[in-house]
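Visitor: Sequence below, structure please.
(one chain, ligands or ions: 3)
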Amino acid sequence: VIPSPPVQPGPSPLDALLDAAAGILAADSLRETLGRISEHLRTLLPYDDLTVYEIEAGGRTLRPVFAVGAWIDEVMADRIDVERGITGWSVRNRRTRNVPNTLLDPDCTTIPGTDDEAEAFVCVPLLAHDRVVGTLNVYRSGADAAFTDAEVGLVERFATMAALAYDSARQRDTLREQVATDGLTGLLNHRGSQERLRQEVERAAAAGTHVSVVVLDLDHFKLINDSYGHGEGDRALAAAALKLRESVREADAVGRLGGEEFLLILPGVAGAGAAEAAERARGALGDVRVHGRPLESSAGVATAPDDATDAAELLERADAALYAAKHGGRRQTRRYAANLTARPSTGDERREIDALLRAHGGLQIVFQPILELATGRIGGFEALTRVPGDRRPDQWFAQAHRAGLGAELEAAALGAALAVPGRPAGTFLALNVSPHALVSDVVLAALPEDLGDVVIELTEHELFSADELLDERLEMLRDRGARVALDDAGAGYAGLQQLIRVAPDILKIDRSLVGGAHADPSRFALLEALSAFASQTGAAVCGEGIEDLSDLQALADLDATYAQGFVLARPGPPWPSLLEATADVTAARVRHGVRLAGAATSGSGAWTRALATLADDLSDVADMAALLSVGHRAARLLDADDASLLRVVDGALELLTDEHEFEGSRWPLDLYPGTLSLLETRTPGQVIAGDPASDPSEIAEMERIGFRALLMVPMWMGEGRWGLMEVYRRHAQAFTAAEVDRARVVALQFAAVLGRLWR
Ligand code: C2E
Ligand code: CA
Ligand code: CA
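Guide: Numbers count the residues shown, from 1 in each chain. Ligands and ions are numbered 1, 2, ... in the order given. Take a look at the predicted model:
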């Protein structure tokens, strides 16, 4: 609990409230947030005690999460029933309750262990997204210490901010948890499993005990998918997960490593005990029936520290045992032993990859279009490698990496994709590169010098370590114009740490999260949280694996920039177009060669904070030069590369520049009907290179100054004075609806200052 600071004289209530908002938004953790709330509130009104309650799951009880004052221990020890007392009343009625004297109010209850002297008490429900999430309780000692209406109003305004800050801190915590969870089965996902295994191995080593892992694989699972469809396959996997969970102890962990492969982590269990657990698990899987037939499975077992002392190696050993079980006729458990039939020797694997690399005609590449939601046009194409036969491309790449030829194969794929001529103008090429390959010289040599229309998709199927070389390479590629995308987000490979470390320009959300999201609230919530997180880190969102139009719409509602999936187009020979009737679903209308911007409603803490800083900076601006420098910085706030301010004089646009204020270049508006119509109708609009709907003269002007996407926002300064804020991007990446809204808010701030300076 934060000690109470002395009451500070001075700031007006409004100043204090604004300070408080900034302070609360800047706090990262929930505790810090609540500490700041109480601290700031005290600068506005004197009080003795303050408590924040949170509604527990199920909604029947309130749990104290934070307290300041004389009775902290007692308050924190006592849960409150929502049916009782003033606090319960506030929650049930979603209303503030002001109690002038607790001794005179029959509804008041006393917390056990505290005294029952008279106090004044205000209880305000905390509302986030129209849900009551808890209450803010404020107390002042004395029989005539009642809170005035003005004070109650302040507490209520505080409660609004507290609720939002509280909610976003909570969401962040939930997101952390969900990112480690497999959406289909609720088990730990690939990443979650790896992290848990690492913890358990460390813990066992420290305690001098054992830990065993069992890797289980469903036999002939592909047959189920192929004969009965993916829906039936998914149901079988969910049922299998449930059975596995039931077959182990509470302290054991169960994960899904991907596809039809599961993992059990058994702390304190050694060799024979682990094999028994594996057999129990296989028996439990046999209870699941698909069209009358029991699920059959194979299992591999390894134990630390006997078979391996490190988590990755332990998993590899269990995997080798699983391979032996499969090879030995399936439907059995094998324990790791040094003499097991190993996977195909690296030698064989290597020869296969060598042959592939030397194959006549090189690798075959197909391309899948990526839709730009705001325009309905193809923003770019993802290159995907095809190898004849029934192995998936990712299996080939995995094999090549095992055989030490991963970088070579990836380089060959990149070269083949880049060599295909005729890519439609104004589209980017997205290339898959694993972090491991990215740091190799062959891959670097396969990339051209100018990467202005290239997106590097970091595909990651194992943890990538904190590798400085990788950071350097990414920086270098970015310097050469590349954008970096993080692939398969939410699938359990790319964790939040990666997100923060790589700071991707584009976050590709995995199809396991996007598919069916429109009909599944929990999946949608995770999608929402991930994309909010992405926008806070400045990344554009691309949803993958869109198989129906409702999911496409859901993605547009989330303010994603790009979408990709079978409903738009399957991967195909160069250069596939979009299926008719799907592309236009989300596109904005065009007038005079400019895309008219719609409106979205969304906000995020980080942005609000940045906006507050901008407003602060603007309040100090005394001349045009200072305004210009704030203008340049505003671009960053809008995830853009630059911004400029223009005014309209005598039917022409004039640019505010460093040297001569407004005497820079002039653009007669009658040559730019699109811009003119935006000013006349006071709507923002955008021009994107490569967009056939965009006016060629606007595009030419934009490209002349080195940019490929332009957002124009009219500014109205009264008395017949017009201006225009222009925001530029180097990449042809459209501004989403929420980004346009943000630009509107920013333009409003600039308009006020420009109006003041322009005499
Ligand atoms: P990825 O990078 O996530 O690529 C997207 C995969 O999703 C592709 O599978 C694509 O065909 C598939 N897909 C696209 N839309 C849909 C949809 O609506 N529904 C469904 N069910 N699937 C959809 P593909 O081509 O089999 O590639 C699998 C993985 O292999 C890729 O996943 C990528 O990780 C890897 N890969 C493919 N080509 C290359 C390459 O040239 N280099 C590297 N390093 N990896 C590659
Ligand atoms: Ca990809
Ligand atoms: Ca992907």
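Visitor: What residues does the chain have near ligand 3?
Guide: 487-488, 544 (C-beta under 5 Å from the ion). In short, each C-beta sits where N, CA and C put it, glycine included.
Visitor: Next, Ile688: phi, psi?
Guide: Per-residue torsions, Ile688: phi -130, psi 130 (degrees, to the nearest 10).
Visitor: ditto for Glu74
Guide: The phi/psi pair for Glu74 (degrees, to the nearest 10) reads phi -60, psi -40.
Visitor: and it, how many neighbours?
Guide: Glu74 has 15 neighbours, counted by other C-beta atoms under 10 Å.
Visitor: ditto for Pro64
Guide: When neighbours are counted by other C-beta under 10 Å, Pro64 registers 20.
Visitor: any idea which element it lies in?
Guide: Of the helices and strands defined by DSSP states H and E, Pro64 is found in strand 61-68.
Visitor: Kindly identify which of the residues of the chain next to ligand 3 also come near ligand 1.
Guide: Among the residues of the chain next to ligand 3, the residues that sit close to ligand 1 (C-beta under 6 Å from any ligand atom) are 487-488.
Visitor: Looking at the residues of the chain next to ligand 3, which one is closest to Thr51?
Guide: Lowest distance from Thr51 to these (C-beta to C-beta) belongs to Asp488, with 43.4 Å.
Visitor: How about the secondary structure of that closest one?
Guide: Here Asp488 takes the strand state, with states given by DSSP: H, G, I helix; E, B strand; the rest coil.
Visitor: what do you get for Val133?
Guide: Put simply, Val133 is strand when judged by three-state DSSP.
Visitor: Counting neighbours, what do you get for it?
Guide: 18.
Visitor: in which helix or strand would I find the residue lying closest to it once chain neighbours are set aside?
Guide: Counting by C-beta to C-beta, 6 or more residues apart in numbering, the nearest residue to Val133 once its immediate chain neighbours are dropped is Leu126, at 5.1 Å. Leu126 is located in strand 119-128, with elements delineated by DSSP H and E.
Visitor: do the same with Leu50
Guide: Leu50 belongs to strand 49-55, assigned by DSSP H and E.
Visitor: Other residues contacting that strand?
Guide: By C-beta atoms under 8 Å, 6 or more residues apart in numbering, the residues outside strand 49-55 that reach it are 34, 37-38, 41, 61-71, 75, 80, 82, 87, 91, 119, 126, 132-139, 162, 166.
Visitor: Sheet partners, orientation included, of it?
Guide: Paired strands of strand 49-55, with direction, are strand 61-68 (antiparallel), strand 131-141 (antiparallel) (DSSP bridges).
Visitor: returning to that earlier point: of all the residues in the strand holding Pro64, which ones are buried?
Guide: Burial within strand 61-68, assessed by neighbour count using 16 or more other C-beta atoms under 10 Å, is assigned to 61-62, 64, 66-68.
Visitor: Just the closest of these to ligand 2, please.
Guide: Distance to ligand 2, by C-beta to the ion, is smallest for Phe66 among these, at 43.7 Å.
Visitor: Tell me which residue of the stretch 501-650 of the chain lies closest to ligand 2.
Guide: Residue nearest to ligand 2 within the stretch 501-650 of the chain: Lys508 (6.3 Å; C-beta to the ion).
Visitor: Can you pull the phi/psi pair for that residue?
Guide: phi -90, psi 120.
Visitor: Can you name the residues that contact the nearest residue to Glu151 once chain neighbours are set aside?
Guide: Distances taken as C-beta to C-beta, 6+ apart place Leu45 nearest to Glu151, at 4.8 Å, with adjacent residues excluded. Shown in contact with Leu45 (C-beta under 8 Å, 6+ apart): 147, 151, 154-155.
Visitor: nearest spatial neighbour of Arg140, skipping sequence neighbours?
Guide: In space, Arg140 is closest to Ala120, 4.6 Å off (C-beta to C-beta, 6+ apart).
Visitor: Regarding the protein, what is its longest helix?
Guide: As assigned by DSSP state H, the longest helix anywhere in the chain is helix 149-178.
Visitor: Counting by contacts, list what that helix packs against.
Guide: Using 3 or more C-beta pairs under 8 Å, 6 or more residues apart in numbering; DSSP states H and E as the contact test, the elements touching helix 149-178 are helix 13-26, helix 30-44, strand 49-55, strand 119-128, strand 131-141, helix 521-536, helix 605-619.
Visitor: Give the next helix or strand downstream of the last one.
Guide: The C-terminal neighbour of helix 605-619 among helices and strands, as given by DSSP H and E, is helix 624-637.
Visitor: Output the very next helix or strand once past that next one as CSV, restricted to C-alpha atoms.
Guide: Once the chain leaves helix 624-637, the next helix or strand it forms, by DSSP H and E, is strand 642-649. The C-alpha coordinates for strand 642-649 follow below in CSV (Å, rounded to 0.1, in the frame of the first residue of the first chain):
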residue,chain,number,x,y,z
ASP,A,642,5.9,12.3,-41.8
ALA,A,643,3.2,14.9,-41.6
SER,A,644,2.8,18.4,-42.9
LEU,A,645,0.4,21.3,-42.5
LEU,A,646,-1.0,23.3,-45.3
ARG,A,647,-3.4,26.2,-45.7
VAL,A,648,-5.6,27.4,-48.4
VAL,A,649,-5.0,30.8,-49.8
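Visitor: Partner strands of the helix or strand following strand 642-649, with direction?
Guide: Downstream of strand 642-649, the next assigned helix or strand under DSSP H and E is strand 652-655. Strands that pair with strand 652-655, judged by DSSP bridges, come out as strand 642-649 (antiparallel), strand 666-668 (antiparallel).
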